[in-house]
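*Asks:* A structural model of the following input is requested.
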Amino acid sequence: MLSLAEMAAKGQAKMAAKGATMASSWNAARGRMAAGYAATPFGPTRKSAYAAGLSAATYHAPDPAKWARNWTANLFGALWSNLQVITSQIRGNLSPKGYGNPELNHSSLCKCVETRGFAPLGVMG
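*Replies:* Residues are numbered from 1 along each chain as shown. Predicted coordinates:
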């Protein structure tokens, strides 16, 4: 199994390899973007401003190093949040507002699991 640093490096390398393709794909899609926006119910002033902005726009490829930093930071944030939910479930820290009360919840929910956040599907019965 790859470490987080190895996964981030792998994603960074993939993004760096796709940089030129991303720019050419965006430029090729300009016609579709303009046609799609022209089909919206906005007025002529807004549509012409969008068309002018689209024709003047240039594609800026994302920075692969910045992507790797943000991906790692967001992954740690998600893991920390999930860890806090699991910890509160283990401690039995159920909210008195009915989240852990089987009489106030749907009957198919497990009586011992906090139903907010990430409730594991395997414990519902």
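
*Asks:* from now on I want contacts and neighbour counts done on CA atoms only, so please keep to that.
*Replies:* Noted.

*Asks:* who touches stretch 28-37?
*Replies:* Applying Cα atoms under 8 Å, 6 or more residues apart in numbering, the set of residues contacting stretch 28-37 from outside is 47, 50-51, 54.

*Asks:* if you could redo that for stretch 38-51, that was the one I meant.
*Replies:* When contacts are defined by Cα under 8 Å, 6+ apart, stretch 38-51 is touched by residues 34, 37.

*Asks:* mind listing what's buried along it?
*Replies:* Within stretch 38-51, the residues that count as buried by 16 or more other Cα atoms under 10 Å are 38, 47, 50-51.

*Asks:* same list (those) but as JSON lines, adding pLDDT.
*Replies:* Rendered in JSON lines, the data for the buried residues of stretch 38-51 read as follows (pLDDT from 0 to 100):
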{"residue": "38", "pLDDT": "94"}
{"residue": "47", "pLDDT": "94"}
{"residue": "50", "pLDDT": "94"}
{"residue": "51", "pLDDT": "93"}
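
*Asks:* list just the nearest of the residues you listed to residue 67.
*Replies:* Here the nearest of those to residue 67, counting by Cα to Cα, is residue 50; it sits at 28.1 Å.

*Asks:* could you measure from the closest one over to residue 62?
*Replies:* In this structure, residue 50 and residue 62 are 23 Å apart, going by Cα to Cα, to the nearest Å.

*Asks:* how about the helices of this structure, start to end?
*Replies:* Using DSSP state H, the helices found in the chain span residues 4-28, 30-38, 44-56, 64-91.

*Asks:* buried set for the second one?
*Replies:* When you say that, I think you mean helix 30-38. Within helix 30-38, the residues scored as buried using 16+ other Cα under 10 Å are 34, 38.

*Asks:* how about the CA coordinates for it, as CSV?
*Replies:* This file holds the C-alpha atoms of helix 30-38, laid out as CSV (Å, rounded to 0.1, in the frame of the first residue of the first chain):
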residue,chain,number,x,y,z
ARG,A,30,-15.0,27.0,-26.1
GLY,A,31,-17.6,26.6,-28.8
ARG,A,32,-19.7,24.3,-26.7
MET,A,33,-19.5,26.6,-23.7
ALA,A,34,-20.7,29.5,-25.8
ALA,A,35,-23.5,27.6,-27.3
GLY,A,36,-24.6,26.2,-24.0
TYR,A,37,-24.7,29.6,-22.4
ALA,A,38,-26.5,31.1,-25.4
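
*Asks:* thanks again, I'm all set now.
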